[in-house]
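In: Just a sequence and a predicted model for now, questions to come.
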Amino acid sequence: MNKFYKVALSFICVLSVSISQAQEKELSISSKTNSDKSVTLTAEKTSPGTYTVVLNFRDLNNSSIASNPVYEIRHSNDNFLTLTPINKDQGIGYSYSYSYIRGKLNPKYSPLFLYALPYAQGKKVRAVESTFLNATYFGSTTPDDWKAYRFYTENADTVTAIRKGIVVNVSDIYDEDTKDLKYTSKVNTVIVEHADGTLATYKGFKKGVLVKEGQTVFPGTALGINSMTNERYGISLLITYLKSAEIGAAKKNPKETKSLYGFITPYFCTTENANGVLTNQKYYTSVITPEIIQKEMTKKEIKNLTKK
């Protein structure tokens with residue numbers, strides 16, 4: 001088996017893929033001229049979660065706006081911008097294009113937030129730091145803050161959420177395990193957006209993911225069953241946040257452009273260390289305490305939990 005096939009420890013994170021996924025009409029923008037000659041721009045989403053939109057006005061007459069403005073879109077049918085005419089007696093002439101990408105731009109988050117491991121209470125897993133495959137095989141530069149893990153189990157096992165959040169993307173279309181991992185993006189994936197705007201991406205499920213887009217999950221919520229890669233069962237996990245909205249530059253030169261996403265080195269609660277960064281290749285035992293489960297719950301959610 002040659003070296004190319006032995007990349008089970010390499011997490012596939014292709015910038016161009018992230019952008020193309022964001023361009024599959026998950027979001028569209030329309031405009032409407034109002035009776036007072038103002039123009040309203042409205043965003044419609046087919047996918048839950050937060051998006052960042054960058055507008056590019058190729059032509060704009062009788063109104064003004066900042067160059068390449070950036071907007072946060074959280075809800076569908078969001079009237080996110082109204083252009084007002086400088087001369088109230090004349091209409092506004094305009095033409096524009098737009099780009100968008102998943103995530104809240106530069107969210108405020110705590111780098112010390114404590115996560116659960118992505119397996120149920122008491123499960124023992126091996127944590128392996130994943131290399132940046134794009135740098136190894138495609139000449140890209142590894143981000144300075146790159147951090148991703150692969151969590152291996154002895155047998156096929158249930159993958160669980162590491163933190164409360166909203167499921168914003170589910171890819172559940174691939175049937176088979178890939179015993180000899182090759183370069184491929186054909187893996188079943190779940191993305192969860194957290195309250196602080198960070199995103200947890202879980203890759204490597206058997207077909208039959210257990211959650212749906214728009215569903216709220218909590219630490220310990222079952223997401224699906226891990227699949228086999230390189231004759232081992234495991235799941236890939238990374239936690240990111242959107243740090244740049246330079247989408248156009250990234251599309252033109254994906255190899256030379258720095259990642260639009262920042263990568264978080266998470267702290268996990270385990271039997272071996274109640275609050276710490278994982279050591280590569282070590283075994284850890286999952287601990288999901290009531291405090292971790294309830295940390296971000298609303299009062300109503302906690303009340304419903306205690307009724308069960």
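Out: Thanks, I have it.

In: Let me see the domain layout of the chain.
Out: 21-102, 107-300 (automatic domain parsing).

In: any chance of the ones you listed in CSV, with mean pLDDT too?
Out: Formatted as CSV, the domains of the chain follow (pLDDT from 0 to 100):
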stretch, mean pLDDT
domain 21-102, 91
domain 107-300, 89
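
In: Let's check: the centremost residue of the protein is which one?
Out: Per Cα atoms, centre = their mean, the C-alpha nearest to the average position across the chain is that of residue 199, at 4.0 Å.

In: Return the residue spatially closest to that one, with its sequence-adjacent residues excluded.
Out: residue 240 (5.1 Å; Cβ to Cβ, 6 or more residues apart in numbering). Every C-beta, even on glycine, is put in place using the N, C-alpha and C of the backbone.

In: In contact with residue 27: list those residues for me.
Out: The contact partners of residue 27, by Cβ atoms under 8 Å, 6 or more residues apart in numbering, come to 43-47, 51, 53, 73, 100.

In: So among those residues, which ones count as buried?
Out: 43, 45, 47, 51, 53, 73, 100 (16 or more other Cβ atoms under 10 Å).

In: Which one of those is nearest to residue 265?
Out: Ranked by distance to residue 265 (Cβ to Cβ), those are led by residue 51 at 25.5 Å.

In: can I assume the closest one is in contact with residue 99?
Out: No: look at residue 51 against residue 99 with Cβ atoms under 8 Å: they stay out of range, at 10.3 Å.

In: Next one: residue 147 from residue 294, what distance?
Out: Computed with Cβ to Cβ, to the nearest Å, the distance linking residue 147 and residue 294 is 27 Å.

In: More neighbours: which of those two?
Out: residue 147 (20 against 16; other Cβ atoms under 10 Å).

In: tell me the secondary structure for that one?
Out: coil (DSSP: H, G, I helix; E, B strand; the rest coil).

In: With residue 150 instead?
Out: Under three-state DSSP, residue 150 comes out as strand.

In: hmm, back to that, adding distance to residue 307, write the domains of the chain out as CSV.
Out: Shown next, in CSV, are these (distance: least, Cβ to Cβ, whole Å):
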stretch, distance to residue 307
domain 21-102, 27
domain 107-300, 11
